[in-house]
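Enquirer: pasting the sequence and the predicted model now:
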Amino acid sequence: MWLSKRALETLSQNIRRIVDGESVDLLDNREGPLSILRNDIQTLVRMKQEQADALRHDKERLKDSLSDISHQLKTPLTSMMVMADLLETAPPEKHAELVRNLQTGLTRTQWLTDALLKMAKLDADAVAFNVRKADAREIVARALEPLNILLEMKGQDVRTAGEAELTCDVRWTAEALGNVIKNASEHSPAGKPILIACGENPIAAWISVTDSGEGLKPGQIARLFRRFQGDGTAGYGIGLPLAQTILRGQNGDIEVDGSGLPPHVAELTDEEYSGATFTLKLYR
């Protein structure tokens, strides 16, 4: 095999230019060992550039996430600091109200912190899903357990319909479902019911949550799963994105119907609901 000194020097110069950050096209359609070498180097350069672009994108996303997290935590903490200061000078009859507000703020901040930590673990691919077959009723029961007090305080009755067996990580799927139920509670008037239905077909097994609110417009639906945005009416805008990330990590997704019961839910109940329906799907 014979390679000309000039061709090797040219290749060496081009490699140095690439190392210095210049864009150089090394692709060569001719035959021969030097052309193969040039094409292999070009492939390596492209792979390294794609890795660098991905790393830069991750850093930008991390920067944005840290900024959002800082803002989300700062708001309730500032509010609680103000209330703590007011306790020193407020009349005795106001103390109970301020303490209740502080307890509410602490509870919401704890939930937000936990949700952010879970989201960070999922983003870092640090979650190993423990997948098994489970009855939908087990997942619903786990999801409702931490929400029973909230639902009782608002006088909201949870009604169920349908049957299904899902193949999933029960703990994480219950976490996702709990966030969707919490969202339904926040958007339903006090005393109004929430419907949880489930079913399966050859494509997927699913659990849906329908609230008794005013429904959602297309513009609101488009923002639901953007972190720290939500639909602009309640919450921090982290619960639904977290739920979606959990489902997508298990080959699933969440679909939203803005108002009324979609066909796959309507066939399971005689009741009428005008609110939004969130369907958690796990594909087979």
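Expert: Thanks, I have it. Numbers count the residues shown, from 1 in each chain.
Enquirer: give me the neighbour count for Leu220.
Expert: No, residue 220 isn't Leu; it's Gln. Using other C-beta atoms under 10 Å, Gln220 is surrounded by 16 other residues. C-betas here are computed from N, CA, C, even on glycine.
Enquirer: next: the one 3 residues further on.
Expert: By other C-beta under 10 Å, 14 other residues sit near Arg223.
Enquirer: report the secondary structure element holding Gly199.
Expert: In this assignment (DSSP states H and E), Gly199 forms part of strand 194-200.
Enquirer: which is the next helix or strand following that strand?
Expert: Counting by DSSP H and E, the element that comes right after strand 194-200 along the chain is strand 204-210.
Enquirer: ok, that next one: who's next to it in the sheet?
Expert: Using DSSP bridges, strand 204-210 pairs in its sheet with strand 194-200 (antiparallel), strand 277-283 (antiparallel).
Enquirer: make a markdown table from these and add mean pLDDT, mean neighbour count and distance to Leu177 to it.
Expert: Converted to a markdown table, the strands paired with strand 204-210 look like this (pLDDT from 0 to 100; neighbours: other C-beta atoms under 10 Å; distance: least, C-beta to C-beta, whole Å):
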| stretch | mean pLDDT | mean neighbour count | distance to Leu177 |
| --- | --- | --- | --- |
| strand 194-200 | 97 | 23 | 8 |
| strand 277-283 | 97 | 22 | 6 |
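Enquirer: mind putting the ones you listed into CSV with distance to Ala141?
Expert: Conversion of the strands paired with strand 204-210 to CSV gives the following (distance: least, C-beta to C-beta, whole Å):
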stretch, distance to Ala141
strand 194-200, 11
strand 277-283, 15
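Enquirer: of those strands, which is nearest Arg6?
Expert: Across these, the minimum distance to Arg6, taken as C-beta to C-beta, is reached by strand 277-283, at 57.7 Å.
Enquirer: and that closest one, how far out from the chain middle?
Expert: In terms of C-alpha atoms, centre = their mean, to the nearest Å, the centre of strand 277-283 is set 14 Å apart from its chain centre.
Enquirer: alright, I will stop here.
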